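**Q** sequence first, predicted coordinates after that:
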Amino acid sequence: MRIGRDDGTETVVPLEIAASYRARTRGLLGRDGIEGALLLTPASSVHTFRMRFPIDVAHLDRRMRVIAVRTMPPGRLGALRLQARHVLEAEAGAMRRWGLAPGTTVTVLPEAAHGEPRTAPR
């Protein structure tokens, strides 16, 4: 995934996509961490019950623009965001490092032939 910012810079982050009901329900449960991020689609809220680590959560609208970002410790129920169509999850602190904030646009890049994320075009 590519995160583009207003200053013209961008960050490329490994991305997993959970598009089926089963994958969205499982999410990050049972994991001790994640390299990169997990995109839940469609989704408008999340919970962290039975999670092993705190996560950053970004709600995205239809255009993949960030509506809100927050950090959630385990055992919490996240707020429902009616405008959200997708939810992005990552380890706590990752989104700040990436510069992901409300108004930021996220672009999903196609995977390369060997499953490696492609780098963003310059």
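**A** Alright, I've got the coordinates.
**Q** what about V108, distance to A84?
**A** Computed as Cβ to Cβ, to the nearest Å, the V108 to A84 distance reads 16 Å. Quick note: C-beta positions are derived from backbone N, CA and C, even for glycine.
**Q** then R97?
**A** 22 Å.
**Q** these two: who's more crowded?
**A** The neighbour count for R97 versus A84, taken as other Cβ atoms under 10 Å, is higher for A84 (22 against 12).
**Q** any idea how far whichever strand or helix holds R24 is from the chain center?
**A** Element membership of R24, judged by DSSP states H and E, is helix 21-26. The chain centre lies 15 Å from the centre of helix 21-26; the measure is Cα atoms, centre = their mean, to the nearest Å.
**Q** residues of it that come out buried?
**A** Counting neighbours by 16 or more other Cβ atoms under 10 Å, one finds that the buried residues in helix 21-26 are R24.
**Q** and the next helix or strand past that helix?
**A** strand 37-40.
**Q** which strands and helices sit next to the next helix or strand after that next one?
**A** Following strand 37-40 in sequence order, the next helix or strand is strand 55-60 (DSSP H and E). If contacts are counted by 3 or more Cβ pairs under 8 Å, 6 or more residues apart in numbering; DSSP states H and E, strand 55-60 sits against strand 66-72, strand 86-91, helix 94-98.
**Q** alpha carbons only: can I get strand 55-60 in CSV?
**A** The C-alpha coordinates for strand 55-60 follow below in CSV (Å, rounded to 0.1, in the frame of the first residue of the first chain):
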residue,chain,number,x,y,z
ILE,A,55,-3.3,-1.6,17.5
ASP,A,56,-3.6,1.5,15.4
VAL,A,57,-6.9,1.8,13.6
ALA,A,58,-7.6,4.1,10.7
HIS,A,59,-11.1,4.5,9.2
LEU,A,60,-11.2,5.1,5.5
